[in-house]
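Asks: build me a structure from this.
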Amino acid sequence: MKKRSKMKCFLGNESISYSKLINIVVYYIVMASYLHIHGHAKINPEEKQVPALIVFGDSIVDPGNNNYLATIGKANFLPYGRDFPGGIPTGRYSNGKVPSDFFDLQISDLLTGVSFASGVSGYDPSSAKLENVLSLEDQLKLFKGYINKLETTVGENTTSTIISQSLYLVCTGSNDITNSFFGSPITRLQYDISTYTDLMVNWASSFVQELYALGARRIGVINAPPCGCLPSQRLLHGGLLRACAEEENKASILFNNKLSFQLASLNQKLAKSRIVYLDIYKPFLNLINNPSQSGFEVVDRGCCGTGNIEVSVLCTKLDPGTCQDASKYIFWDSFHPTETTYRLIVHEVLQKSLGDFF
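Replies: Numbering: from 1, shown residues only. From the prediction side, this is the model:
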């Protein structure tokens with residue numbers, strides 16, 4: 001039997017007011033957290049139980065929040081979601097599930113989750129502003145509202161326990177590299193890639209410290225993927241052979257090295273913190289370089305349409321070129337991986353880094 005995804009989008013139904021919506025979200029978190037805290041004397045590191053998984057970031061972990069925003073950056077229509085349970089296009093940027101759905105830690109069914117993530121956002125505030133989506137600052141404001149409601153519902157002490165024992169996942173950065181830097185002549189006139197990645201790390205560090213100040217202690221930060229190997233970037237910058245764009249991959253590596261160093265520094269600086277650098281670059285690139293080892297056949301284009309440019313509104317059910325079996329493809333559209341790819345990468349990341357949170 002397939003395990004039903006517990007990850008909820010935050011923004012909910014358009015007809016529900018913000019106040020009522022946050023009450024509903026808090027109810028789910030509180031009930032699961034109360035049962036966890038009082039049903040178990042303490043968190044068991046071997047069982048890796050936490051009250052909740054709380055997610056921030058971009059389209060890689062957006063379960064449908066952009067559905068309720070005035071933006072073209074949506075994925076709530078077929079063929080997106082065609083392999084999701086029930087064949088429902090939920091707003092996830094994939095043929096099925098996304099990483100936050102798989103990040104269940106193999107723990108108690110009492111775990112619940114909520115994602116504040118918004119597709120097309122990034123560490124760079126301009127990434128979200130250009131597409132009218134939720135910036136990290138906006139996502140943090142929603143999280144603060146959630147904390148206030150928790151305090152009203154269960155009191156400050158229980159809220160503090162829930163917030164400190166939950167696990168936080170931050171996943172963003174690829175839009176900054178591909179769109180806000182390499183896709184923007186203006187940005188490239190203002191900064192070189194070294195300076196821009198310094199800015200990205202500063203924004204990332206500030207966000208992690210803000211989460212910590214609000215009570216978060218277990219914070220996982222996902223690094224940048226090999227951005228130059230995304231089908232859209234192969235088309236734009238990979239030459240006639242559509243090879244991986246070398247400069248974009250170098251930018252990802254540069255950012256990742258700086259991010260890893262900064263997170264290690266924060267771990268030393270912030271008392272009782274478990275700030276974990278989660279590497280997806282290496283396992284992702286390994287799938288691309290050795291596809292047959294994992295059953296993949298196509299690595300340089302997505303399943304949807306031609307697989308070169310289709311993403312969001314350009315990926316439609318009317319396109320006759322869309323593949324029949326997405327599991328043979330590393331990428332679903334020109335920017336986002338398939339469910340199979342996500343599952344394999346998340347499994348490897350958890351195998352390597354899960355223990356670092358406890």
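Asks: going forward, measure contacts between C-alpha atoms and count neighbours the same way
Replies: Fine.
Asks: buried residues, stretch 69-88. List them.
Replies: Of all the residues in stretch 69-88, those buried under the rule 16 or more other Cα atoms under 10 Å are 69, 73-84, 88.
Asks: which one of the residues you listed is nearest Ala224?
Replies: Closest approach between the buried residues of stretch 69-88 and Ala224, by Cα to Cα: Gly73, at 20.2 Å.
Asks: which ones are touching the closest one?
Replies: Asn66, Gly119, Val120, Glu131, Val133, Ser312, Val313 (Cα atoms under 8 Å, 6 or more residues apart in numbering).
Asks: for it, give its distance to Leu263.
Replies: According to Cα to Cα, to the nearest Å, Gly73 stands 30 Å off from Leu263.
Asks: for stretch 238-252, give me every contacting residue.
Replies: With Cα under 8 Å, 6+ apart as the criterion, stretch 238-252 contacts 177-178, 182, 193, 197, 224-230, 233-235, 237, 300.
Asks: sec struct for the one residue sitting closest to the centre of the chain, please.
Replies: Nearest residue to the geometric centre of the chain (Cα atoms, centre = their mean): Val61, 3.1 Å. At Val61 the chain is in coil, as set by DSSP: H, G, I helix; E, B strand; the rest coil.
Asks: now the biggest helix by length in the chain: buried residues?
Replies: If you go by DSSP state H, the chain has its longest helix at helix 246-269. Of all the residues in helix 246-269, those buried under the rule 16+ other Cα under 10 Å are 246, 248-249, 251-256, 258-260, 262-263, 266.
Asks: so which of those comes closest to Lys317?
Replies: Glu248 (30.5 Å).
Asks: returning to that earlier point: just the element for the nearest residue to the residue nearest to the centre of the chain once chain neighbours are set aside, please.
Replies: Leaving aside its chain neighbours, Val61 sits nearest to Ser100 (5.6 Å; criterion: Cα to Cα, 6 or more residues apart in numbering). Following DSSP states H and E, one finds Ser100 within helix 99-102.
Asks: can you give the distance of that helix from its chain's centre?
Replies: 8 Å (Cα atoms, centre = their mean, to the nearest Å).
Asks: over to stretch 244-260?
Replies: 18 Å.
Asks: average pLDDT for it?
Replies: Here stretch 244-260 scores 98 as its mean pLDDT.
Asks: ranges for the helices of the stretch 51-200 of the chain?
Replies: For the stretch 51-200 of the chain, applying DSSP state H, counting those that start in this stretch gives helices covering 99-102, 125-131, 136-154, 156-165, 174-175, 185-190, 193-213.
Asks: helix or strand right after the last one?
Replies: So that's helix 193-213. strand 218-222.
Asks: contacts for that following strand?
Replies: Strand 218-222 is contacted by residues 164-172, 208, 273-280, 357 when judged by Cα under 8 Å, 6+ apart.
Asks: tell me which strands it pairs with, and in which orientation.
Replies: Next to strand 218-222 in the sheet, as set by DSSP bridges, lie strand 167-171 (parallel), strand 274-278 (parallel).
Asks: please identify the buried residues of that strand?
Replies: Arg218, Ile219, Gly220, Val221, Ile222.
Asks: mind pulling up the pLDDT for the last one?
Replies: According to the model's per-residue confidence, Ile222 sits at a pLDDT of 98.
Asks: could you measure from it over to Ser265?
Replies: 16 Å.
Asks: before we move on, what about the second one?
Replies: Computed with Cα to Cα, the distance linking Ile219 and Ser265 is 14 Å.
Asks: now do the third one
Replies: With distances defined as Cα to Cα, the gap from Gly220 to Ser265 amounts to 14 Å.
Asks: give the contact list for the nearest residue in space to Phe331 that is not next to it in sequence.
Replies: Nearest in space to Phe331, with sequence neighbours left out and distances taken as Cα to Cα, 6+ apart, is Pro337 at 3.9 Å. Residues in contact with Pro337 (Cα under 8 Å, 6+ apart) are Ser94, Gly302, Ile330, Phe331.
Asks: next, the angle from the longest helix of the chain to helix 193-213.
Replies: Orientation note: helix 246-269 sits at an angle of 30 degrees relative to helix 193-213 (axes from the mean of the first three to the mean of the last three Cα atoms, to 10 degrees).
Asks: hang on, the earlier thing: what about the contacts of Pro337, which one has the most neighbours?
Replies: Within the contacts of Pro337, most neighbours by other Cα atoms under 10 Å means Ser94, with 32 neighbours.
Asks: please list all residues in contact with it.
Replies: With Cα under 8 Å, 6+ apart, Ser94 has these contacts: Tyr80, Gly81, Trp332, Asp333, His336, Pro337, Thr338, Glu339.
Asks: burial of the residue nearest to Val61, as a residue count?
Replies: Other residues close to Ser100 by other Cα under 10 Å number 27.
Asks: right, and it touches Val55 too?
Replies: Yes - counting by Cα atoms under 8 Å, Ser100 touches Val55, with 7.4 Å between them.
Asks: list the residues that contact both of those two?
Replies: Val61.
Asks: that older thread, greatest separation within the buried residues of strand 218-222: which pair is it?
Replies: Using Cα to Cα, these reach their maximum pairwise distance at Arg218 and Ile222, which is 13.2 Å.
Asks: related to what we said a few turns ago, specify which member of the buried residues of strand 218-222 is nearest to Val154.
Replies: Using Cα to Cα, the buried residues of strand 218-222 come closest to Val154 at Arg218, 21.5 Å.
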